[in-house]
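**Student:** Any chance you can model this:
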Amino acid sequence: VQENDSDQSQDQPGIGVSALGYCVMNADTGEIVLQKNADEKLHPASITKIMTLLVTVEQCKNLDSVTTVSENALNQIAPLSSTLHPMPKPGEQFTIRDLLYGLTMCSGNECANILAEAVCGDIDSFVELMNERAKEAGAKNTHFSNPHGLDADDHLTTAYDMAMIARGCYNNASFVNIDSTSSSYTIPATNMSAQRTIRHRHKMLKDREFYYEYCKGGKTGFTDESLMTLVTFAEKDGMRLICVVFRSPDDTIRYTDTRTLFDWGFNNFKKSTTSDSQISSLFSTDNYYSSDVFGRSKLAFNLSASFITIPTTGSTSDVTMDVNTDYDITNNDDKLTAKLNYKYGDNTVGATTLTISSGNAIKDSQLPYLSNEEESTSLSPKRCLKVNIWIVLGAAAGVFIIVYICKNRTSPRNRRNHYSKRNLKF
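**Tutor:** Numbering: from 1, shown residues only. Presented below is the predicted three-dimensional model:
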């Protein structure tokens with residue numbers, strides 16, 4: 001459900017959410033369940049750090065490797081902002097893993113800078129990676145200028161973009177393992193400090209003030225410019241949702257708003273399983289060459305397992321499919337592969353992969369769309385001429401009569417019959 005574009009400031013009737021903007025998204029399909037002002041560019045504050053965490057776990061092969069804190073990483077951080085306690089010192093050594101927990105659970109701004117330098121050598125290069133990864137995740141209006149989220153004029157994103165980024169995070173096992181830690185975590189003693197014990201700041205996790213039984217993790221954010229921001233992951237009955245809220249007026253409201261939005265999503269949508277029969281009928285052999293000439297290359301259809309999320313009052317019979325144009329259709333080894341979207345009305349509610357292949361994998365197949373000469377092609381039914389057998393027999397009979405008449409021209413006894421037959425009209 002999407003808010004009216006002409007008046008995005010209006011909340012969904014009956015929901016009662018105070019946040020300026022929000023986006024509730026299905027983590028598996030990218031479907032927008034509910035949104036308001038989701039494309040408005042705003043300051044994200046520390047929810048930026050989910051991007052920092054994702055880039056780090058994707059780029060760093062060994063999370064137990066040790067890095068040394070530089071003076072530069074600390075100089076850019078105000079002592080009164082969110083940091084580890086005590087704040088690290090130049091020359092102090094940490095494992096990447098410990099810094100990631102400090103980044104996520106304690107919202108350590110200095111941890112973000114230290115990680116950026118550990119991964120890329122300098123902070124600016126790491127920020128470039130963040131922006132590239134955001135685009136890969138599907139963000140459209142995002143520009144990060146630092147890895148921690150402290151306010152900057154050009155450090156902006158949207159609720160929709162953060163939901164897409166969060167989707168990439170939620171589907172990364174290393175990210176989830178760190179972010180879902182509801183109990184405390186202890187950073188061992190370093191070469192300059194005693195051990196530090198930290199706890200996740202997200203208050204919807206277990207044993208917290210706004211505990212929500214379906215919450216799997218998330219990230220908090222706040223600056224004077226951004227006000228309260230929050231990213232939260234939740235799962236119920238196999239359906240995974242992401243909720244992003246921007247500019248909540250206070251700490252309590254951002255959690256109550258998030259719970260309200262999750263409850264609405266889980267109560268009004270359901271997860272369903274798709275089946276091969278829903279698509280195979282759209283690609284029947286009547287739409288393709290099926291004569292004896294091509295019979296030796298019979299087509300085989302394979303649809304990867306998939307789930308869709310539709311309104312609780314909806315039916316899978318109302319779901320349609322189309323080709324996902326964000327991906328190329330490939331043709332390799334007699335296998336045509338296309339990405340498909342499941343659609344419920346105008347909304348994408350799921351995705352899957354369709355593979356069409358030659359049943360006996362003949363290399364010299366005469367089927368144009370199974371040719372090995374091209375690396376890719378367009379998925380479209382091929383036109384063929386269907387000939388009725390009675391038309392063929394009728395044409396053959398006509399040819400036989402003409403031949404018979406011509407033969408009898410040479411016979412005088414048949415000449416009369418010949419002339420009489422000339423006046424017949426066929």
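
**Student:** what residue ranges in the stretch 101-250 of the chain score low on pLDDT?
**Tutor:** Scanning the stretch 101-250 of the chain for pLDDT under 70 picks out no residues.

**Student:** in which helix or strand would I find Ala351?
**Tutor:** strand 347-358 (DSSP states H and E).

**Student:** partners of that strand in the sheet?
**Tutor:** strand 299-303 (antiparallel), strand 335-344 (antiparallel) (DSSP bridges).

**Student:** May I have the last one as PDB, with CA atoms only?
**Tutor:** Coordinates of the C-alpha atoms in strand 335-344 are reproduced here as PDB (Å, rounded to 0.1, in the frame of the first residue of the first chain):
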ATOM      1  CA  LYS A 335      19.400 -22.700 -21.400                       C
ATOM      2  CA  LEU A 336      17.400 -19.500 -21.600                       C
ATOM      3  CA  THR A 337      17.300 -17.800 -18.200                       C
ATOM      4  CA  ALA A 338      15.100 -14.900 -17.200                       C
ATOM      5  CA  LYS A 339      14.300 -13.100 -14.000                       C
ATOM      6  CA  LEU A 340      10.500 -12.700 -13.400                       C
ATOM      7  CA  ASN A 341       8.500 -10.500 -11.100                       C
ATOM      8  CA  TYR A 342       5.200 -11.500  -9.500                       C
ATOM      9  CA  LYS A 343       2.800  -8.700  -9.600                       C
ATOM     10  CA  TYR A 344      -0.300  -8.000  -7.500                       C
END
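
**Student:** same question for it, mean pLDDT?
**Tutor:** Here strand 335-344 scores 81 as its mean pLDDT.

**Student:** and if you look at the first one?
**Tutor:** Per-residue pLDDT over strand 299-303 has a mean of 61.

**Student:** Now the closest residue to Met239 other than its chain neighbours: phi and psi?
**Tutor:** Nearest non-adjacent residue to Met239, counting by C-beta to C-beta, 6 or more residues apart in numbering: Lys271, 4.3 Å away. C-beta here means a position set from N, CA and C on the backbone, and glycine is covered the same way. Backbone torsions of Lys271, given as degrees, to the nearest 10, read phi -100, psi 130.

**Student:** Please spell out which residues along the strand holding Ala351 are buried.
**Tutor:** Buried residues in strand 347-358, counting neighbours by 16 or more other C-beta atoms under 10 Å, are found at Asn347, Thr348, Val349, Gly350, Ala351, Thr352, Leu354, Ile356, Ser357, Ser358.

**Student:** Determine which two of those residues are furthest apart.
**Tutor:** Across the buried residues of strand 347-358, the longest distance by C-beta to C-beta is 34.9 Å; it joins Asn347 and Ser358.

**Student:** on that earlier part again, list the contacts for the residue nearest to Met239?
**Tutor:** By C-beta atoms under 8 Å, 6 or more residues apart in numbering, the contact set of Lys271 is Asp237, Gly238, Met239, Phe307, Ile308, Thr309.

**Student:** Mind checking which of those residues are buried?
**Tutor:** Neighbour-count burial (16+ other C-beta under 10 Å) applied to those gives Met239, Phe307, Ile308, Thr309.

**Student:** low pLDDT regions in the stretch 251-400 of the chain?
**Tutor:** The model of the stretch 251-400 of the chain has pLDDT under 70 over residues 274-306, 358-400.

**Student:** One more pass at 90, please.
**Tutor:** 269-400 (pLDDT under 90).

**Student:** now, which of the contacts of Lys271 lie within strands?
**Tutor:** Residues of the contacts of Lys271 located in strands (DSSP state E): Met239, Phe307, Ile308, Thr309.

**Student:** Who's the closest spatial neighbour of the second one, skipping the chain neighbours?
**Tutor:** With C-beta to C-beta, 6+ apart as the criterion, Phe307 has its nearest non-adjacent residue at 5.6 Å, and that residue is Lys271.

**Student:** Distance check, the one you found against Glu136.
**Tutor:** Separation of Lys271 from Glu136 (C-beta to C-beta, to the nearest Å): 26 Å.

**Student:** rewinding a little: just give me the closest of the buried residues of strand 347-358 to Thr67.
**Tutor:** Of all those, the one sitting nearest Thr67 is Ala351; the distance, using C-beta to C-beta, is 38.0 Å.

**Student:** What count of nearby residues applies to the closest residue in space to that closest one that isn't next to it in sequence?
**Tutor:** Using C-beta to C-beta, 6+ apart and skipping the chain neighbours, the partner closest in space to Ala351 is Asn341 (5.6 Å). Number of residues near Asn341 (other C-beta atoms under 10 Å) recorded here: 20.

**Student:** List the contacts of Asn341.
**Tutor:** With C-beta under 8 Å, 6+ apart, Asn341 has these contacts: Met321, Asp322, Val323, Asn324, Thr348, Gly350, Ala351.

**Student:** again, but for Glu31
**Tutor:** Taking C-beta under 8 Å, 6+ apart, we find Glu31 in contact with Met25, Thr309, Asn347, Thr348, Val349, Gly350.

**Student:** Present the ones in strands among the contacts of Lys271 as JSON lines; the columns should include distance to Ile77.
**Tutor:** Output for the ones in strands among the contacts of Lys271, formatted as JSON lines (distance: C-beta to C-beta, whole Å):
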{"residue": "Met239", "distance to Ile77": "39"}
{"residue": "Phe307", "distance to Ile77": "43"}
{"residue": "Ile308", "distance to Ile77": "45"}
{"residue": "Thr309", "distance to Ile77": "41"}
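
**Student:** For those, work out which two are farthest apart.
**Tutor:** Across the ones in strands among the contacts of Lys271, the longest distance by C-beta to C-beta is 10.5 Å; it joins Met239 and Ile308.

**Student:** Quick check: Leu99 touching Leu115?
**Tutor:** Yes: counting by C-beta atoms under 8 Å, Leu115 is a contact partner of Leu99 at 5.3 Å.
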